[in-house]
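J.: Pasted the sequence and its predicted model underneath.
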Amino acid sequence: RRVAILLSGSGSNMVALLDSMTGDHPARPALVLSNRADAGGLQKAAARGVPTEVVDHRPHGPDRAAFEETLHARLMDYRPDIICLAGFMRVLTEGFVARWQGRMINIHPSLLPRYRGLDTHARALAAGDAEAGCTVHEVTAALDDGPILGQARVPVVDGDTPETLAARVLQMEHRLYPAVLRRFASGDRSPVWLP
Ligand code: GRF
């Protein structure tokens, strides 16, 4: 199985995924692609010997479909079987999602179905939640929806800020996403529950 990882930022989840794909793992990294040329994740991927590409969304303006045509064509050059979204900050259209249906997964920093979208940690704190966490799910046309493939919980502690909570959740993301990818790449869609 060949895996393409899409990101927009620092790529710490991407690094966790790359580092996991060794030995008897059923998948190998084929490509790390960013919509932003300045994404820190690109250098981290290159340093690990993984091909990188940039597909900038800005020349396409508001035309998401045109951006996605270019994105799809570039992806196909690397013949991925699985796409992992790892901090990829572009909403994908139904058309693009349909092309990769059942082969594209995403990590989201909340205990879905709670807190789809942005600012998940601030919203969990504002709600007084005792727990927070992260979810890996299959990507469907609806934002941060789709069958859940794994979930990991962390406690919310006194004095937490969105930043301290995000850091605690991110550590779990780095455990959860590789565990889910390993299972998913072997054809097993049963969910992973951590810790
Ligand atoms: C993570 O919190 C992920 O859940 C969210 O974006 C962040 C990406 O962080 N979708 P990184 O680029 O993997 O460090």
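T.: Cool, got the structure. Only a predicted model underlies this, so the values are computations on that prediction, with no experimental measurement involved.
J.: CA only for contacts and neighbour counts going forward, please
T.: OK.
J.: Show me what the longest helix seen in the chain is packed against.
T.: In the chain, taking DSSP state H as the definition, the longest helix is helix 162-185. Contacts defined by 3 or more CA pairs under 8 Å, 6 or more residues apart in numbering; DSSP states H and E place helix 162-185 against helix 12-20, helix 120-126, strand 131-138, strand 148-155, strand 192-194.
J.: Please compute how far it lies from its chain's middle.
T.: 10 Å (CA atoms, centre = their mean, to the nearest Å).
J.: can you list contacts of that helix?
T.: Where contact means CA atoms under 8 Å, 6 or more residues apart in numbering, the residues beyond helix 162-185 that reach it are 1, 12-13, 16-17, 20, 25-27, 82, 107, 109, 121-122, 125, 132-134, 136, 149-154, 156, 189-192, 194.
J.: redo that, cut-off 7 Å
T.: 1, 13, 16-17, 20, 25-27, 107, 109, 121-122, 133-134, 136, 149-150, 152, 154, 156, 189, 192 (CA atoms under 7 Å, 6 or more residues apart in numbering).
J.: Which residue, other than its chain neighbours, is closest to the residue nearest the centre of the chain?
T.: The geometric centre of the chain, computed from its C-alpha atoms, lies nearest to A86 (CA atoms, centre = their mean), at 2.6 Å. The shortest distance from A86 to any non-neighbouring residue, by CA to CA, 6 or more residues apart in numbering, is to L7 (5.1 Å).
J.: neighbours of that neighbour, just the number please.
T.: Other residues within reach of L7, judged by other CA atoms under 10 Å, total 27.
J.: List the contacts of it.
T.: 33-34, 85-88.
J.: Now tabulate the helices and strands packed on helix 162-185 in JSON lines and tack on mean pLDDT and mean neighbour count.
T.: Shown next, in JSON lines, are the helices and strands packed on helix 162-185 (pLDDT from 0 to 100; neighbours: other CA atoms under 10 Å):
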{"stretch": "helix 12-20", "mean pLDDT": "98", "mean neighbour count": "21"}
{"stretch": "helix 120-126", "mean pLDDT": "98", "mean neighbour count": "18"}
{"stretch": "strand 131-138", "mean pLDDT": "98", "mean neighbour count": "24"}
{"stretch": "strand 148-155", "mean pLDDT": "98", "mean neighbour count": "21"}
{"stretch": "strand 192-194", "mean pLDDT": "97", "mean neighbour count": "16"}
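J.: Out of these, flag the one nearest the ligand.
T.: Comparison of the helices and strands packed on helix 162-185 against the ligand by CA to the nearest ligand atom identifies helix 12-20 as nearest, at 3.6 Å.
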